[in-house]
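S.K.: Give me coordinates for this.
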Amino acid sequence: MTRRTPLATSSTGRRTVVRRLAPVAVLGAALALSACQTQSPVQTDVTYNPADGVPVDLGAVQLRDLVVIGTGKGKAGVLSAAVSNSGGQPERVAFALPNSSPVYATAPANSSQPLSDGNQVQLSQMPVDPGDVVQLNVQSPGARSVVVTVPVVPPDNYYSTLSPTSAPTSTTSGSSGSATATTTP
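M.R.: Numbering: from 1, shown residues only. This is a model prediction of the structure:
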């Protein structure tokens, strides 16, 4: 006599094991994949400047998206930024490259406007070409001097209207309340 084992018993045993292990495998995969998020920060939690330029805070005067528009090394460069002055008095802001004379702009009281709106604020000689950065000393009477690393961009796209002129601008007085630029102290 030969002994026979029914086929149904052996295949049912395998199915039972698979049915028991499948939920455990799915749960393990879900836990493993969810752990990836703990190693990757959410981008909205990371602070960054969504602009070409850099921010500068000088007490009541704040500059946003500060860049230098230049055409080449040894040539003039124009400063561009959004300037706001929350103070009740106009503030004079000085900008200087290392080892050079400062240029000035005035931010009217209680205002927010472009830095080079009508009157260009120019640096006489850029030490670098567009695509590089410069160290710029920025100061106002109501705050300490700040040295920032500012990108130099070419006068393309939305900077095309801010191409440097041949010589730095002189003191002008704007009746519209725009920032005024000067090259002398």
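
S.K.: and the longest helix seen in the chain, which residues are buried?
M.R.: In the chain, assigned by DSSP state H, the helix with the most residues is helix 7-34. Buried positions in helix 7-34, judged by neighbour count with 16 or more other Cβ atoms under 10 Å: none. To be clear about C-beta, it is placed using only N, CA and C from the backbone, and glycine gets the same treatment.

S.K.: what about it, average pLDDT?
M.R.: Average pLDDT, helix 7-34: 73.

S.K.: Surely S86 touches D57?
M.R.: No. Contact criterion Cβ atoms under 8 Å: S86 and D57 do not qualify, at 11.0 Å.

S.K.: quick revisit: can you give the distance from the longest helix of the chain to the centre of its chain?
M.R.: Its chain's average C-alpha position is 52 Å from that of helix 7-34, according to Cα atoms, centre = their mean, to the nearest Å.

S.K.: And for stretch 68-80?
M.R.: Distance of stretch 68-80 from its chain centroid, counting by Cα atoms, centre = their mean, is 19 Å.

S.K.: Quick check: next helix or strand after the helix or strand that N137 is a member of?
M.R.: Per DSSP states H and E, N137 falls inside strand 133-139. On the C-terminal side of strand 133-139, the nearest following helix or strand under DSSP H and E is strand 146-153.

S.K.: buried sites along that following strand?
M.R.: By 16+ other Cβ under 10 Å, the buried positions in strand 146-153 come out as V148, V150, V152, V153.

S.K.: between those residues, which is closest to V18?
M.R.: Comparing the buried residues of strand 146-153 against V18 with Cβ to Cβ places V153 closest, at 62.6 Å.

S.K.: ok, the closest one touching D129?
M.R.: No. With contact defined as Cβ under 8 Å, V153 does not count as touching D129 (10.7 Å).

S.K.: Please enumerate the strands of the protein.
M.R.: Listed in chain order, the strands found in the chain under DSSP state E are 54-58, 61-70, 77-85, 91-96, 103-107, 111-114, 122-123, 133-139, 146-153, 180-182.
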